[in-house]
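[1] for reference, the sequence and a predicted model appear below.
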Amino acid sequence: MDKSNNIIIVIGEFDSEQNIATSTLENVTLGHKLSSEVHVVLGTNIFNKGLDQSRCAETLSEYGVTSVEFVDNADQLVGSGTGRAISKKSQALVDANKFVTVLGSQTYTSRDIAACLSVAIDCSVLANANNIEIDDGGIVTTHMVFGGTKIVKARLNNSKVAIVLLRPKSCTAEKSDGINCEVANTSGTSLIDDSQITKVISQDNSEAEGILLEDAKVVVSGGRGMGSAENYTKLVGALADLLQGATGATRAIVDAGWVPYSKQVGQTGKTVKPDVYFACGISGATQHQVGMKGSKKIIAINTDIDAPVFSISDIAIVSDVNTFLPKLIDAIKAKKS
């Protein structure tokens, strides 16, 4: 497929500060590898009051985005109206004999929009992808399956539109030559009928404490080897605070109720790529490695010399984590004092 004939539409999202989400900028970066023309569609509703559209457009222009369309969904969920807006935009491009690739993130918002878009244009969704490429036959996506032990490549046949959801941190967001990003506004509510309306009654926002896991330069994660939730908080939390990092966790201790799901790193959790990743009391099953093996430096602490995590570690420490971490914390405090 010729890149000039492939148009990218990115499902845009906001972070908690109503800035363009990092995952959206990552997808824009990937989009430039597939096409010279990248557009962003951002769904908004009553919870985006006071949104600075000019600031958003300025950010997107720094990443080479051709245009941004804000879809106002009023008091409705963003899925239906935004999905219909992307459908309308895609159809116009297809009518102009273009191929359209819609890129979203493996997040609740993008999945909601992608589902509505899929129904609107009768097109399948390629979800949970780690990478996307273009060849003579069209778009090819890469997926990790069976706990990351197998790699699958997939493509949609006989379709003018491809919808792909990518795992966050599939690439690093990179600025490009700044261009003038055109801004448009659309009413999402005008694109759907009354039978499709889902109104938002209320929204509970829990304030994130500290540095976000996915944005941290240092991540300190704990597993069952920590022994208890108390040890996790006392040691993993303390080390992360000292290093101005974020705390992560394995699925095992999330399932045990020690920490919330938002801390989970791995195939069914978040993907992180910090400068330094501490694996504390983590054996390092493949499912966990999928979410952290892209870290620049991995420091693992485990009593089991044969722990799988040591095979991908830059520094392997064979020790009881509950004995080693207090000494490490004291040494860092002494160094800082």
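    Cool, got the structure.

[2] so which elements touch the top helix by length along the chain?
    Counting by DSSP state H, the longest helix found in the chain is helix 78-95. In terms of contacts (3 or more Cβ pairs under 8 Å, 6 or more residues apart in numbering; DSSP states H and E), helix 78-95 is packed against strand 6-12, strand 38-44, strand 67-72, strand 99-105, helix 108-121. Every C-beta, even on glycine, is put in place using the N, C-alpha and C of the backbone.

[3] apply 10 Å and report the result again.
    strand 6-12, strand 38-44, strand 67-72, strand 99-105, helix 108-121, strand 161-166, strand 182-187 (3 or more Cβ pairs under 10 Å, 6 or more residues apart in numbering; DSSP states H and E).

[4] need those in a markdown table (columns: mean pLDDT).
    Formatted as a markdown table, the helices and strands packed on helix 78-95 follow (pLDDT from 0 to 100):
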| stretch | mean pLDDT |
| --- | --- |
| strand 6-12 | 95 |
| strand 38-44 | 95 |
| strand 67-72 | 94 |
| strand 99-105 | 95 |
| helix 108-121 | 90 |
| strand 161-166 | 94 |
| strand 182-187 | 91 |
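
[5] in a markdown table, list these along with mean neighbour count and distance to Ala256.
    Putting the helices and strands packed on helix 78-95 into a markdown table (neighbours: other Cβ atoms under 10 Å; distance: least, Cβ to Cβ, whole Å) gives the following:
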| stretch | mean neighbour count | distance to Ala256 |
| --- | --- | --- |
| strand 6-12 | 27 | 34 |
| strand 38-44 | 26 | 36 |
| strand 67-72 | 22 | 41 |
| strand 99-105 | 26 | 28 |
| helix 108-121 | 21 | 24 |
| strand 161-166 | 24 | 29 |
| strand 182-187 | 14 | 46 |
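
[6] out of those, which comes closest to Gln18?
    strand 38-44 (9.4 Å; Cβ to Cβ).

[7] what residues does the helix or strand just after the closest one touch?
    Counting by DSSP states H and E, the element after strand 38-44 in chain order, helix or strand, is helix 53-62. With Cβ atoms under 10 Å, 6 or more residues apart in numbering as the test, helix 53-62 has contacts from 10, 12, 14, 18-20, 24-25, 28, 38-40, 42, 44, 52, 65-68, 70, 175-183, 185.

[8] swap the cut-off to 7 Å and go again
    Asn19, Ile20, Val40, Val68, Phe70, Lys175, Gly178, Ile179, Asn180, Cys181, Val183 (Cβ atoms under 7 Å, 6 or more residues apart in numbering).

[9] closest one of those residues to Ala246?
    Asn19 (18.3 Å).

[10] got CSV for the helices and strands packed on helix 78-95, with distance to Val272 too?
    Below are the helices and strands packed on helix 78-95 laid out as CSV (distance: least, Cβ to Cβ, whole Å):
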stretch, distance to Val272
strand 6-12, 22
strand 38-44, 24
strand 67-72, 28
strand 99-105, 15
helix 108-121, 18
strand 161-166, 15
strand 182-187, 33
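
[11] which of the contacts of helix 53-62 sit farthest apart?
    Top of the distance list for these (Cβ to Cβ): Phe70 and Lys175, 21.7 Å.

[12] got any ranges where the chain has weak pLDDT?
    Applying pLDDT under 70 to the chain picks out residues 1, 147, 191-197, 203-209.

[13] hmm, try it at 80
    Along the chain, the model assigns pLDDT under 80 to residues 1-4, 77, 137, 146-149, 157-158, 177-178, 189-210.

[14] could you list the domains of it?
    Using automatic domain parsing, the domain ranges for the chain come out as 3-196, 213-336.

[15] could you pull out the buried residues of stretch 51-64?
    Buried residues in stretch 51-64, counting neighbours by 16 or more other Cβ atoms under 10 Å, are found at Cys56, Ala57, Thr59, Leu60, Ser61, Glu62, Tyr63, Gly64.

[16] between those residues, which is nearest Lys150?
    Checking the buried residues of stretch 51-64 one by one against Lys150 (Cβ to Cβ), the nearest turns out to be Tyr63, at 32.8 Å.

[17] if we can go back for a sec, can you list the domains of the chain in TSV and add distance to Ser202?
    Putting the domains of the chain into TSV (distance: least, Cβ to Cβ, whole Å) gives the following:
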stretch	distance to Ser202
domain 3-196	10
domain 213-336	20
